[in-house]
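Engineer: Okay, structure incoming, though there's no sequence with it:
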């Protein structure tokens, strides 16, 4: 299991390094605005367009002067893209919470209707459910740092599906009933 987490961390670091070294990050920013309009409303999207450069400038202002001068030209667009994707993800968090509640309700319903079945705790499925819930933030971070244009709707559908299935399995295969 530790090897999986180490692999996820290395993939995240490689993704950030690829995003910073990529010279086409400006194109990725432009490609990220349009798919985000399918997820967020126009006023919220225009607010994020104004806030993203301000947040990027704030982060660069906190860096020491030698680092700022050395890395500003290379990292500005990459950091701007990561901040924009983070803000989009932050504004879509209620959708993930609704998915987790839906999984919880579905799992409770499935567990309550198991009266005729033998209630056997499945440690493997329980562990997989915990791992699925643990990988949701990793998937979100990989989307934030992805050096390619991945539509936000694809991320949201994936995270919602993983959240519903993992939460449901967590409830159904728990060692004790909640």
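Structural biologist: Received, thanks. Predicted model only: the values in this text are computed from it and were never measured.
Engineer: what comes into contact with the strand or helix carrying residue 136?
Structural biologist: For residue 136, the element it lies in under DSSP states H and E is helix 123-144. Under the criterion C-beta atoms under 8 Å, 6 or more residues apart in numbering, residues 1, 4, 8, 11-12, 15, 82, 85-86, 89, 96, 150, 155, 158-159, 162-163, 165-170, 172-175 lie in contact with helix 123-144. All C-beta spots, glycine's among them, are computed from the backbone N, C-alpha and C.
Engineer: which residues of this structure fall in strands?
Structural biologist: In chain order, the chain shows no strands, with DSSP state E as the criterion.
Engineer: Longest helix in it, please.
Structural biologist: Taking DSSP state H as the criterion, the chain has its longest helix at helix 65-91.
Engineer: Show me the shaky parts of this structure.
Structural biologist: 1, 25-26, 30-31, 33-34, 36-37, 115-121, 176-178 (pLDDT under 70).
Engineer: let's see 50
Structural biologist: 118, 178 (pLDDT under 50).
Engineer: Can you tell me which residue is spatially central in it?
Structural biologist: Among the residues of the chain, the one closest to the centroid is residue 140, at 1.5 Å (C-alpha atoms, centre = their mean).
Engineer: surely residue 56 meets residue 78?
Structural biologist: No - the criterion here is C-beta atoms under 8 Å, and residue 56 misses it with residue 78 at 9.8 Å.
Engineer: And those two? Which one has more around it.
Structural biologist: residue 78 (24 against 20; other C-beta atoms under 10 Å).
Engineer: For the more buried one, give me its contacts.
Structural biologist: 16, 19-20, 22, 25.
Engineer: what's the answer for residue 122, then?
Structural biologist: Counted by C-beta under 8 Å, 6+ apart, residue 122 has contacts residue 173.
Engineer: Next one: it from residue 51, what distance?
Structural biologist: Going from residue 122 to residue 51 by C-beta to C-beta, to the nearest Å gives 45 Å.
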